[in-house]
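J.: quick one, fold the following:
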Amino acid sequence: AALLGRLREGGATDVEISRVIFLPRAPLPIFFGYLGMADVVLDPHPFGGDTSSREALLVGTPVVTRPAEQLAGRYTQAFLRTVGVPDLIVHDADEYVRVAVEVVSNATWRSDVIARIERGRARLFEQQDVVEAWEHFLIESVRKVLPGWQPNS
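T.: Numbering: from 1, shown residues only. I've put the predicted structure just below:
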C-alpha cells in the first residue's frame, strides 16, 4: 500500500498503478517469463537484487536502482553502468519513484533504454577475460592451501 501511494505521489495514473503486480515465487522458466513481461523491475533498496537484476537485464527489462551504502545494495548500480544505462541509477526515494514511473509511462524512453540494454548486455554476460581472471583466482587460491595442486584440464 505504501509503495502504491508513493507511485501516486510520483505522478502515476490509476491505469499505470493498476499495472503494478506483486507475484509469488515461481520456477525459473516462469520467473524469466515474468521478467520479460515487466515494463520495469524495481531493485529492492537497501538490499539489492543482484541475481534478479542480472536476470532482468539478460531479458532486456529495465531495472531502477537506488544504491545502498553496503556492498549487497550496490551490485545493480555496477550492472547498469556496465550495460550503459546509468540513468536508471537514482539517489533518493523520490527519484526512485519518479524514474520508475517515467520508465513505465514514457514508451519512447523505455524503448531507448531497452535498446541500450540489448546493445550493452554482452559486456555484462560475455566477458571471457573476466571468466579467465576468476579461473586464475580460484586455481591460485587452491594452490595456496594445496601446494603443487594442478587442475584437471
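
J.: how far off centre is whichever strand or helix holds residue 129?
T.: Assigned by DSSP states H and E, residue 129 belongs to helix 128-145. Using C-alpha atoms, centre = their mean, to the nearest Å, the mean C-alpha position of helix 128-145 is found 26 Å from that of the whole chain.

J.: let me see the mean pLDDT of that helix.
T.: Mean pLDDT, computed over helix 128-145, is 92.

J.: what comes up buried for it?
T.: For helix 128-145, burial by neighbour count (16 or more other C-beta atoms under 10 Å) applies to no residue. (C-beta placed from N, C-alpha, C; glycine too.)

J.: so what touches it?
T.: 149, 151 (C-beta atoms under 8 Å, 6 or more residues apart in numbering).

J.: could I get that helix in CSV with only the CA atoms?
T.: Extracted in CSV, the C-alpha atoms of helix 128-145 (Å, rounded to 0.1, in the frame of the first residue of the first chain):
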residue,chain,number,x,y,z
GLN,A,128,36.0,-14.0,-21.4
ASP,A,129,38.7,-12.1,-19.7
VAL,A,130,36.6,-11.9,-16.5
VAL,A,131,36.0,-15.7,-16.7
GLU,A,132,39.7,-16.3,-17.1
ALA,A,133,40.6,-13.9,-14.2
TRP,A,134,38.1,-15.7,-12.0
GLU,A,135,39.5,-19.1,-13.0
HIS,A,136,43.1,-17.9,-12.2
PHE,A,137,42.0,-16.6,-8.8
LEU,A,138,40.3,-19.9,-7.9
ILE,A,139,43.3,-22.0,-9.0
GLU,A,140,45.8,-19.9,-7.1
SER,A,141,43.5,-19.9,-4.0
VAL,A,142,43.5,-23.7,-4.0
ARG,A,143,47.3,-23.8,-4.6
LYS,A,144,47.8,-21.7,-1.5
VAL,A,145,46.1,-24.4,0.5
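
J.: which parts of the least confident helix or strand in the chain by mean pLDDT are buried?
T.: Within the chain, no helix or strand scores below helix 14-18, which has a mean of 73 by mean pLDDT, DSSP states H and E. Residues residue 16 are the ones in helix 14-18 that count as buried (16+ other C-beta under 10 Å).
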